[in-house]
Structures are given as C-alpha cells and as structure tokens.
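Q: Quick one: sequence plus predicted model below, questions after.
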Amino acid sequence: FGSLVAAMKADLPIEWQSPFEGSRNVAGAVLEAARVLGEPRDDGFLFLRFEAGTLDLPLHIHEFSERFIYVLEGRGLYHVSPDPLDELAPERVRNVPVRARDVLMFSRGTVHTFSTTDEALTLLSYHQPFIPLESERQYRVSNPPLLPRDLLPAATSRISFDAGWTCLA
C-alpha cells in the first residue's frame, strides 16, 4: 500500500494548502477521484501533514461525509469524543495514540481532531462523498473551539504504543 501511495503522489500533481482549517502547522493536498480516474465520481482523497508539535487543530465534525484514514508516516494522537459537537465535555475526549500503518474509520458527525508531539504525522484520508475544502459544508468546529493543547496535560507528553490494535466503540 505504501508503494501505491508513493506512486500516486509522484505521478499526480497535488497542491498543498496551508494553513489548513485554521492551523498554521497542518497542510492538506486533494486528489479528487473524478479528476484522477477521468470518470464521474463523488469521492476523493486528502493528504494531511501535521508538523511536529501541532496542537492547534480544533475538535470538529464532518457532517456531510464519511472518513477512512490511513496513517502513512509518523506518530500522533487522535482525539475523539462520544459527545455531540455542541455539548462537548473535555473530560470525555479520548486521546488515542496513532502511528504509521494504523487505520481509522468514522462516520459523519464524529467529533475528532489530531495532534502531534515530537514527530510529524502524515495521513491519507478517504472522503465519501468528497466535499471541496473551501466549502462551508466541509467541517464545523466547536464553539468555542476546543484545541488539543486544552485537552493534554501541561507536562511534556510522550506517545507510546503496544503491539495490539486499538478498537474504539
């Protein structure tokens, strides 16, 4: 899979957009399936690059599309809440370590974000349907915005992993 993604990035022109969703530490690059395959489709991919020390991408939801995310490189934290966006309880947000080759799948409306500590993190996100990044339907943040730096202890955090899979209910 890694070689397929590398070939895709090498053969297809992608344009990185930064800042991304208000974060100066995150960049995104779109590959719309219709453009890549030359046929009518409503899905697509988004490459996301989180620089080391990214703690400023707010918790948000995608109300109009499903997500399937593959961690291409690096390590970070996936922050996810069982609460609706407008009723967030910071103490209920789970901070789940993610690393290269991990897979996350979640449905529309799932409250989430990502952050990093001392390593960069690169994700490949599949969107069904794909919604242009500039669309107001792309995502919605909490009000007031809740950032990963608000969720993590003030002490320097370190990420560790066990060999098993993590499954979120």
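A: Thanks, I have the structure now. Numbering: from 1, shown residues only.
Q: From here on, just use CA atoms for contacts and neighbour counts.
A: Will do.
Q: in the chain, which spans are strands?
A: Shown for the chain, the strands assigned by DSSP state E span residues 16-17, 26-32, 44-50, 60-61, 66-81, 94-99, 103-106, 111-115, 121-128, 140-141.
Q: closest one to residue 152 among these?
A: Nearest of the strands of the chain to residue 152, taken as Cα to Cα: strand 94-99 at 8.3 Å.
Q: Next, format the strands of the chain as CSV and append mean neighbour count, distance to residue 9 and mean pLDDT.
A: Formatted as CSV, the strands of the chain follow (neighbours: other Cα atoms under 10 Å; distance: least, Cα to Cα, whole Å; pLDDT from 0 to 100):
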stretch, mean neighbour count, distance to residue 9, mean pLDDT
strand 16-17, 15, 12, 80
strand 26-32, 21, 9, 88
strand 44-50, 22, 9, 91
strand 60-61, 22, 27, 95
strand 66-81, 20, 12, 95
strand 94-99, 20, 20, 95
strand 103-106, 15, 19, 93
strand 111-115, 25, 22, 96
strand 121-128, 22, 11, 93
strand 140-141, 19, 28, 92
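Q: Redo those as JSON lines? Include distance to residue 148.
A: As requested, the strands of the chain are exported to JSON lines (distance: least, Cα to Cα, whole Å):
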{"stretch": "strand 16-17", "distance to residue 148": "21"}
{"stretch": "strand 26-32", "distance to residue 148": "13"}
{"stretch": "strand 44-50", "distance to residue 148": "13"}
{"stretch": "strand 60-61", "distance to residue 148": "11"}
{"stretch": "strand 66-81", "distance to residue 148": "7"}
{"stretch": "strand 94-99", "distance to residue 148": "9"}
{"stretch": "strand 103-106", "distance to residue 148": "18"}
{"stretch": "strand 111-115", "distance to residue 148": "6"}
{"stretch": "strand 121-128", "distance to residue 148": "15"}
{"stretch": "strand 140-141", "distance to residue 148": "13"}
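Q: For residue 6, which of these is the nearest?
A: strand 66-81 (9.9 Å).
Q: could you say what helices and strands the closest one packs with?
A: If you count contacts as 3 or more Cα pairs under 8 Å, 6 or more residues apart in numbering; DSSP states H and E, strand 66-81 packs onto strand 94-99, strand 103-106, strand 111-115, strand 121-128.
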